[in-house]
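**Q** Quick one: sequence plus predicted model below, questions after.
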Amino acid sequence: MLYRTVFLSDTDLMTTAEPVTIFDSLVGEITQHYHRGRVLVAIDGADGQATHGFAESLAAAMRSRSWYVLRLGMTPGAASDIPVATLPHPDKYRADEDYSHLRAIVAKFRESKLAVDPSVPEVPADAMLIVDGRFLLRPELRGIWHFGVWLEGDMHLRDESLEAQVQYTRDSAPRAAADAIFDVTNAASPARVWADTC
C-alpha cells in the first residue's frame, strides 16, 4: 500500500503517514459528482482535532488535484482561511442554535464574494470550501452542503459534551445523513465505513 507523509501542526490529529488511497479515493468520489463549480463539504464529528485533521488532509489532497480550496474550522481557536466572529458553542447542541454567520460565509462563497487572499480577489468558478466542526449535519444545515462526511471513533468527552453528542446523534441522525463515514479511532489510518446513504 502506498503512503503519503502529511506534515500538519502539532494541534492536528493526523501527524503521521496516511494511506494515499483514503483521501485520493474520497477526492475522486466528491469530484465525480461535483467536478465543476463551487463545492461545499462538511466534516462532522465529536472530536474537534479529528475533524480538523481530516479536513486538512482532504484539503491537501484536493489542492494536489489543482483545486482552489478554502478551509473553515468551526471549533474555537482552529486555524481557518476565513476570519470567524461568533460561532455556536462547540459543547452544546440546541435546536435553536444560530448559524446565520456560517450561512453568510457560505452565501459569500457561492457568490464569489469571499475574498480571503489579496492575490485572489474573488473565489474562482471552480473552488471548494471545506468546513469542519460539530453538528454540521443537523437538519437545518444539510441543505447547504454538497457532500457530508461523518467521523466516528473512540474518544473521551466531558459530561456536557457527551450529553450534547448523544442528543445530536439521537435527534438529528448525522450518520444516516452522511455521504461518507470514516472511523478515525486510528488517527494515522482513517477507515471507510460502508454504512452510509450511498
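**A** Done, it's in.

**Q** residues touching the closest residue to Arg38 other than its chain neighbours, list them.
**A** Spatially, and ignoring its direct neighbours in sequence, Arg38 is nearest to Ala127 (5.1 Å; C-beta to C-beta, 6 or more residues apart in numbering). No exception for glycine: its C-beta is placed from N, CA and C like everyone else's. Ala127 sits next to Arg38, Val39, Trp67, Tyr68, Val69, Leu70, Phe109 when contact means C-beta atoms under 8 Å, 6 or more residues apart in numbering.

**Q** Try it again at 7 Å.
**A** Arg38, Trp67, Tyr68, Leu70 (C-beta atoms under 7 Å, 6 or more residues apart in numbering).

**Q** got a list of what Trp191 touches?
**A** Actually, residue 191 is Ala. It isn't Trp. Neighbours of Ala191 in contact, by C-beta under 7 Å, 6+ apart: Phe182, Asp183.

**Q** Please apply the same query to Tyr68.
**A** Pro124, Ala127.

**Q** could you redo the last one with a cut-off of 10 Å?
**A** Arg38, Met62, Asp117, Val120, Val123, Pro124, Ala125, Asp126, Ala127, Met128, Leu129 (C-beta atoms under 10 Å, 6 or more residues apart in numbering).

**Q** Which one (most neighbours) among the residues you listed?
**A** For the contacts of Tyr68, the largest number of neighbours (other C-beta atoms under 10 Å) sits with Met128, at 28 neighbours.

**Q** residue contacts, that one?
**A** Counted by C-beta under 10 Å, 6+ apart, Met128 has contacts 27, 30-31, 34, 37-41, 58-59, 62-63, 65, 67-71, 109, 146-147.

**Q** Give me the below-cutoff pLDDT ranges for this structure.
**A** Applying pLDDT under 70 to the chain flags residues 1-20, 76-79, 83-91, 196-198.

**Q** how about the strands of it, start to end?
**A** All strands of the chain, identified by DSSP state E, fall at 3-4, 18-19, 38-45, 68-73, 127-133, 147-152, 180-183, 191-193.

**Q** Figure out which of those is closest to Thr169.
**A** strand 147-152 (9.3 Å; C-beta to C-beta).
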